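**Q** I'd like to go over a predicted model; first the sequence, then the structure.
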Amino acid sequence: MKQMKHVFSVVVSVAMMVAMVFVVSVQAAGNYVAQLYGKVTDAGQVVNKVVIDYGDGVKVSGADKDTYTVHATNYVQIGSNNGKVYSDADRTIEKVEVAGGKVTLYMNESEGATLTWLSESRNYPGKINYTITQNEALKATSVDGRDLEDIIGEITCDNTVIDEETAKFTSVKGSQGINYQFHEAKGADKLVVWFHGNGEGDLEGYNTQNNVAQMLANRGTVAWATDEAQNIFGGAHVMSFQAPATWYYAQRDNLLEKAKTEIEEVIKKYNINPNKVVVSGCSAGGYMTTRMLIAYPDLFSAAMINCPALDTAAIRGGETPTDEELASLKNSKTAIWLVQGKTDSSVKSEVCSQRIFKILTDGAELTTTRVEQEFNSSFTTSETKDGKYKLSLYDTVDLEDKVDSLGETRPCGKLKFEEDYNLDGVKETVIQ
């Protein structure tokens, strides 16, 4: 009997030692890893959440918005301000979710840009540095429910950003010197071509070939690869170019022919139907789109042109299209939809989108539709009866007299966007 008690005591002692070793092993490292996640908003990519991993063998609880401090610094990496701090602040944690050994911090989406706006008027990826500090210990249990010591420790982060939307694209070095991001839609026979605005071109004189600014600066690239857009098209490849410097050099640097050649290469490689290629562009990209339509009237079946910067082209290295050139578009099969803010502060709608539409629809009977929106800007669409040509002008707010790019003082306004930056489930209007 004494021997049995002795054996039992030994077994219990060993079990206790194993349990103690297990507890110590959970605490021993004291270092935990955080991963940054990004989201491309209308205003550009931001770090929208941080996931902290405490390991697979533990369940944590008790985390709230006060448990952590997240500090973000963004440094300029190029240009005249290279090395300078672009932003440096604590991020706002809006909500916290816990699942097993992972804690997800959801950040306010009006903060935390991954790009920097250079003094040279270009968007360029910044060098971001995140410091995550755990202020309070978390309750911890093992996966089988046993209580463990509270967890608190050092949190490290390698500052890489995972973005599920940008991950749909592959960076391609163009054969003609114009690089692009490409989204392959398996089995699709359609292609969407996107030309970005002036701020997303490569920095002239540096030849960085970063080929990401056009994808990160706004939703102009990633929106075409969303489920919503892909369902509308029934599947479509997406080709998002980056200008080597600016699209205003379309003629000077032979960018029109180079872009056409690379588009035709993609059409051939992916067995795309030549009659199912559409093009879109914004601002300087709207200028490039217009120039492509004039130069190659049979290349695209449809075009969506956003605030085409025709008025500023001549002072930025381009050539503003003549009335005759714009009128020649009527001989093309291409359907054209023009979109702009009524009092766009960057380019004047009367001499840009409205000018193009007036020339295209001269003498045609038009129908007009008004769309009222609560959070986003309301708009009015005018179109020809056959639907080939459309113009949507969005209402602008906060009008004030400003000097535009051409030195003209005129009323300039902003657009309204529906956002939920603080993630409370309540939509609100953001004016930009």
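**A** Thanks, I have it. Numbers count the residues shown, from 1 in each chain.
**Q** all helices of the chain, in order?
**A** 2-28, 213-216, 227-233, 255-269, 284-295, 323-327, 353-360 (DSSP state H).
**Q** And those helices, which one averages the lowest pLDDT?
**A** Lowest mean pLDDT within these: helix 2-28, a mean of 39.
**Q** Contact partners for residue 377?
**A** Residues near residue 377 by CB atoms under 8 Å, 6 or more residues apart in numbering: 341, 394, 395, 396, 397, 415, 416, 417. Every residue, glycine included, has its C-beta placed from N, CA and C.
**Q** Got a PyMOL select line for the buried ones in these?
**A** Selection of the buried residues among these in PyMOL, burial being defined by 16 or more other CB atoms under 10 Å:
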select buried, resi 341+394+395+396+415+416+417
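**Q** so can I have TSV of the contacts of residue 377 showing pLDDT and distance to residue 385?
**A** As requested, those are exported to TSV (pLDDT from 0 to 100; distance: CB to CB, whole Å):
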residue	pLDDT	distance to residue 385
341	93	26
394	95	23
395	93	25
396	88	28
397	83	32
415	86	29
416	82	30
417	83	32
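**Q** do you know how far the closest residue to residue 369 other than its chain neighbours is from residue 301?
**A** In space, and not counting its chain neighbours, residue 369 is closest to residue 381: 4.8 Å by CB to CB, 6 or more residues apart in numbering. Residue 381 sits 20 Å away from residue 301, going by CB to CB, to the nearest Å.
**Q** Kindly state the pLDDT recorded for residue 62?
**A** Looking at residue 62, its pLDDT is 96.
**Q** these two touch, right, it and residue 135?
**A** No. Look at residue 62 against residue 135 with CB atoms under 8 Å: they stay out of range, at 11.9 Å.
**Q** and these two? which has more neighbours close in?
**A** residue 62 (14 against 9; other CB atoms under 10 Å).
**Q** ok, now which ones touch that one?
**A** Neighbours of residue 62 in contact, by CB under 8 Å, 6+ apart: 136, 137, 138, 139.
**Q** In JSON lines, list those along with distance to residue 183 and neighbour count.
**A** Output for the contacts of residue 62, formatted as JSON lines (distance: CB to CB, whole Å; neighbours: other CB atoms under 10 Å):
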{"residue": "136", "distance to residue 183": "43", "neighbour count": "12"}
{"residue": "137", "distance to residue 183": "44", "neighbour count": "14"}
{"residue": "138", "distance to residue 183": "40", "neighbour count": "21"}
{"residue": "139", "distance to residue 183": "44", "neighbour count": "14"}
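**Q** Save those residues as JSON lines, and put in pLDDT too.
**A** Shown next, in JSON lines, are those (pLDDT from 0 to 100):
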{"residue": "136", "pLDDT": "95"}
{"residue": "137", "pLDDT": "96"}
{"residue": "138", "pLDDT": "97"}
{"residue": "139", "pLDDT": "96"}
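**Q** Quick check: of those residues, which lies closest to residue 39?
**A** For these, the closest approach to residue 39 (CB to CB) belongs to residue 138, at 26.1 Å.
**Q** Show me what that closest one bridges to in the sheet.
**A** On the basis of DSSP bridges, residue 138 is bridged to residue 151.
**Q** which residues does it contact?
**A** Neighbour list for residue 138: 54, 60, 61, 62, 63, 67, 103, 150, 151, 152 [criterion: CB under 8 Å, 6+ apart].
**Q** Could you report the separation of residue 267 from residue 38?
**A** With distances taken as CB to CB, residue 267 is found 31 Å from residue 38.
**Q** which of those two has more neighbours?
**A** A direct count of neighbours by other CB under 10 Å for residue 267 and residue 38 places residue 38 higher, at 23 against 19.
**Q** Can you give me every residue that contacts that one?
**A** Residue 38 makes contact with 45, 46, 47, 48, 114, 161, 162, 163, 166, according to CB under 8 Å, 6+ apart.
**Q** And the buried ones among these, selectable in ChimeraX?
**A** Here the buried members of these are turned into a ChimeraX selection, burial being counted by 16+ other CB under 10 Å:
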select :45,46,47,48,114,161,163,166
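**Q** what's the burial count for the residue nearest to residue 369?
**A** Neighbours of residue 381 (other CB under 10 Å): 17.
**Q** Let me know how buried the closest residue to residue 107 other than its chain neighbours is, in neighbour terms.
**A** Leaving aside its sequence neighbours, residue 107 sits nearest to residue 91 (CB to CB, 6+ apart; 5.0 Å). With neighbours defined by other CB under 10 Å, the count for residue 91 comes to 21.
**Q** who touches residue 91 in this structure?
**A** Each residue near residue 91 by CB under 8 Å, 6+ apart is listed here: 47, 70, 71, 72, 107, 108, 111, 112.
**Q** Next step: the residues you listed restricted to strands.
**A** With DSSP state E as the criterion, strands contain 47, 70, 71, 72, 107 from among the contacts of residue 91.
**Q** Switch those over to JSON lines; also include distance to residue 223 and pLDDT.
**A** Listed next are the ones in strands among the contacts of residue 91 as JSON lines, based on distance: CB to CB, whole Å; pLDDT from 0 to 100:
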{"residue": "47", "distance to residue 223": "20", "pLDDT": "98"}
{"residue": "70", "distance to residue 223": "28", "pLDDT": "98"}
{"residue": "71", "distance to residue 223": "31", "pLDDT": "98"}
{"residue": "72", "distance to residue 223": "26", "pLDDT": "98"}
{"residue": "107", "distance to residue 223": "22", "pLDDT": "98"}
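**Q** What's the PyMOL syntax to select whichever of those residues are buried?
**A** Remark: buried members of those, expressed as a PyMOL selection using 16+ other CB under 10 Å:
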select buried, resi 47+70+72+107
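**Q** out of the ones in strands among the contacts of residue 91, who's nearest residue 296?
**A** Lowest distance from residue 296 to the ones in strands among the contacts of residue 91 (CB to CB) belongs to residue 47, with 40.1 Å.
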